[in-house]
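Undergrad: A structural model of the following input is requested.
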Amino acid sequence: MKANMINPILQTMVTVMTTMASVEPSMGKPTLKDDDAALGDVTGIMTMNSPQMKGSFALTFPAPAIFDIVKRMLGEEINEVNDTAKDMAGEMTNMVVGGAKNIYIEQGYDFDMSTPNIITGKDHKVEHECNGKTIVLPFNIEGQEFFVELCFDE
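TA: Below is the predicted model of the structure:
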């Protein structure tokens with residue numbers, strides 16, 4: 001996967017977390033994923049299609065991470081993956097993909113985006129609708145890890 005496909009997501013993720021949650025995330029080492037097992041408890045997933053390419057973006061949060069983000073962004077304490085947690089995962093997914101879309105347009109890609117689908121539960125599956133390799137970008141905010149998955153057709 002080329003850097004011009006990954007960097008807009010990285011840039012937008014940092015901007016969204018810094019602006020909306022008042023915390024700057026750090027990124028861990030990217031890895032390739034060879035299965036569809038979720039790395040967390042709640043996932044927002046969106047497809048991104050352009051005439052040049054088809055892709056998929058997922059944002060997966062373990063429960064403690066989404067609880068922390070809800071508290072930072074809404075000032076609300078939650079302790080279960082409820083509608084607020086699901087809505088936050090969907091909104092974060094939408095903000096990151098929407099921001100990245102603007103950068104992709106500058107690069108000559110005109111992506112159409114789906115609305116976020118939310119998947120929850122222990123051991124749920126994240127199925128990307130493309131045939132490329134899935135790259136996982138781990139992020140950390142003050143001890144809470146969450147994950148971005150990107151997949152683009154080869």
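Undergrad: Am I right that Cys151 falls within a strand?
TA: Yes: counting by DSSP: H, G, I helix; E, B strand; the rest coil, Cys151 is found in a strand.
Undergrad: so how far is Gly132 from it?
TA: Note on Cys151: its distance to Gly132, by Cβ to Cβ, to the nearest Å, is 5 Å. Heads up, the C-betas are built off the backbone N, CA and C, glycines and all.
Undergrad: Kindly report the same for Phe152.
TA: Distance from Phe152 to Gly132, by Cβ to Cβ: 5 Å.
Undergrad: Show me which of these two is the more surrounded one.
TA: Between Phe152 and Gly132, Phe152 has the larger neighbour count (other Cβ atoms under 10 Å), namely 21 against 17.
Undergrad: quick one: low-confidence parts of this structure?
TA: 1, 154 (pLDDT under 70).
Undergrad: Which parts of it are strands?
TA: 26-27, 31-33, 42-49, 54-61, 112-113, 117-120, 134-141, 144-152 (DSSP state E).
Undergrad: Deepest-packed of these, please.
TA: strand 54-61 (a mean of 25; mean count of other Cβ atoms under 10 Å).
Undergrad: packing partners for it?
TA: Packed against strand 54-61 by the contact rule (3 or more Cβ pairs under 8 Å, 6 or more residues apart in numbering; DSSP states H and E) you find strand 42-49, helix 83-106, strand 144-152.
Undergrad: What are the contacting residues of it?
TA: Under the criterion Cβ atoms under 8 Å, 6 or more residues apart in numbering, residues 5, 9, 38-49, 69, 85, 89, 92-93, 96-97, 100, 111, 126, 128-130, 132, 146-153 lie in contact with strand 54-61.
Undergrad: Tell me which residues touch the nearest residue to Asn140 once chain neighbours are set aside, please.
TA: Spatial nearest neighbour of Asn140, excluding adjacent residues (Cβ to Cβ, 6 or more residues apart in numbering): Ser26 at 5.1 Å. When contacts are counted by Cβ under 8 Å, 6+ apart, Ser26 touches Phe139, Asn140, Ile141.
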